[in-house]
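Enquirer: Pasting the sequence and the predicted coordinates here, then a few questions.
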Amino acid sequence: MVETAIGMTNLGFIFYMRDVHGLAPGVVGWFAATWLICYVGGCLLLRLVIGRLKPRYCMLASTASMAALVLAVLLSPNIPLSFFLYGAYGLALSLFWPPLMGWISFGMEGRELGRAMARLTIVGTVGIVLGPFLAGILSEVAPALPVICAVILYSLTMVLISGASLFLPRIRGDSQDDANSGGDTQMAGRSTMLRYPAWIGLFGTCVVLGLVLNIFPMYARIDLGIDKGTVGILLLTRALGAGLGYVLMGRISFWHFKPVPMISGVAAVALAILLLPWIKSVILLLLLMFSLGPLHAVAFSYSFFHGATGSDKRSQRMAIHEALLAGGIITGSTVGGMLYQRFPMVTVSLVCAALVVIIIAIQIFLSVRAGYLDRARFGQGPCDQCQKKGIGVQTSPKLKTTKGPMTCEKIL
């Protein structure tokens, strides 16, 4: 429900600010990035708060605030005030995703963690698919309609969480948060260093995602003459591809602790953004958008899995994950918007691809270093028996460790 509302809010406001307020593409890009900038700030600055509050309390405060703030943006006649309110909306959203992601994945490792990640992302993908699609259709009826529907969805989510907290014993009795999870000191040494290239790969992929979500709709309408409903279908196709990617990443585990698929996926993203301005056919655009979906799913899954594995501070790790995800979208939408206002789309895609290539080089360096450090701490990897049970990291024989869920049974 929240993911659907986010998609309707974002695309709905892009069309609303362009059609109703007549803002230039560069200003629309900055407006689209305002909530993301504040979301990044909230994820980073409120990490300790997020880790100490029960997830359901954070999510209740988040959904109530988002409903009120989005409605306030819609009713505001003043553009600077709209920027401020939209930024506050992003700050409120930072209290939703990191606690939820940490809550869902708590206490899970290996294949079990991968399956939990897949279940969460698949459910979220339903919203990712519906949000832009409905926003494109509803904005054809009235520019404000998708945003009004988003406010209704935020409000319904708040009611749903409140009802679950009051009437479902397992939810009402849950006390899970990072503060009472036993600390991170024992698990910190078992976290894989591969999370760093995975995080920066997520950032690079989301630079392209920001360009596709926030600048491509204007490019498609202005340069290609595609109507808003078709733009919504194109973005829906990308979301469908992402959903398929999340399903596959959750069902397979060969990619765990392996950097090559991750780097290959980011390289394919760079190639796709280079091809974008040369494609004029709607059919070919559909194929390109669909191919971008699984590539984004790969980057997301690498960052989620390798950031969470081995850590008890899941909510705080997920806050970093979300901050990098949003930071990439900010870069893509703002820089892309400024470039598109002055240069053709070919130039925009070249600059974006060049940035991604630089990120790939950094990824390669960090992956080599991560492999060396992980081998020094954990040995060569889990034995076959442990891998079947979802135990993802092998403790070094020199440590003589006999406790903890991450210890390889071969050593025991």
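Expert: Everything's here; your move.

Enquirer: which intervals of the chain have sub-threshold pLDDT?
Expert: 51, 172-190, 372-412 (pLDDT under 70).

Enquirer: Ramachandran coordinates for residue 109?
Expert: Backbone torsions for residue 109, taken as degrees, to the nearest 10, come to phi -140, psi 170.

Enquirer: tally of neighbours for it?
Expert: For residue 109, the tally of surrounding residues (other CB atoms under 10 Å) stands at 22. C-beta here means a position set from N, CA and C on the backbone, and glycine is covered the same way.

Enquirer: So which elements touch the longest helix anywhere in the chain?
Expert: The residue-count maximum for a helix in the chain (DSSP state H) belongs to helix 345-378. With contacts taken as 3 or more CB pairs under 8 Å, 6 or more residues apart in numbering; DSSP states H and E, helix 345-378 sits against helix 195-210, helix 260-275, helix 314-342.

Enquirer: got the angle for the last one vs helix 260-275?
Expert: Read that as helix 314-342. Interaxial angle of helix 314-342 relative to helix 260-275 (axes from the mean of the first three to the mean of the last three CA atoms, to 10 degrees): 20 degrees.

Enquirer: Provide the angle between the direction of helix 314-342 and the direction of helix 345-378.
Expert: Using the same axes, to 10 degrees: helix 314-342 against helix 345-378 is 160 degrees.

Enquirer: For the closest residue to residue 266 other than its chain neighbours, which residues are in contact?
Expert: Closest residue to residue 266 apart from its sequence neighbours, by CB to CB, 6 or more residues apart in numbering: residue 201 at 5.0 Å. Contact partners of residue 201, counting by CB atoms under 8 Å, 6 or more residues apart in numbering, are 262, 263, 265, 266, 299, 302, 303, 359, 363.

Enquirer: One more: residue 367?
Expert: Contacts of residue 367 by CB under 8 Å, 6+ apart are 194, 197, 259, 262, 263.

Enquirer: Neighbour-wise, which one of those residues leads?
Expert: residue 197 (28 neighbours).

Enquirer: What residues does that residue make contact with?
Expert: Neighbours of residue 197 in contact, by CB under 8 Å, 6+ apart: 259, 262, 263, 362, 363, 364, 366, 367, 370.

Enquirer: could you dump those to JSON lines with distance to residue 167?
Expert: Formatted as JSON lines, the contacts of residue 197 follow (distance: CB to CB, whole Å):
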{"residue": "259", "distance to residue 167": "46"}
{"residue": "262", "distance to residue 167": "42"}
{"residue": "263", "distance to residue 167": "47"}
{"residue": "362", "distance to residue 167": "49"}
{"residue": "363", "distance to residue 167": "47"}
{"residue": "364", "distance to residue 167": "52"}
{"residue": "366", "distance to residue 167": "47"}
{"residue": "367", "distance to residue 167": "48"}
{"residue": "370", "distance to residue 167": "46"}
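
Enquirer: Pick out whichever of those residues sits closest to residue 310.
Expert: Relative to residue 310, the closest of the contacts of residue 197 is residue 370; by CB to CB it sits at 13.0 Å.
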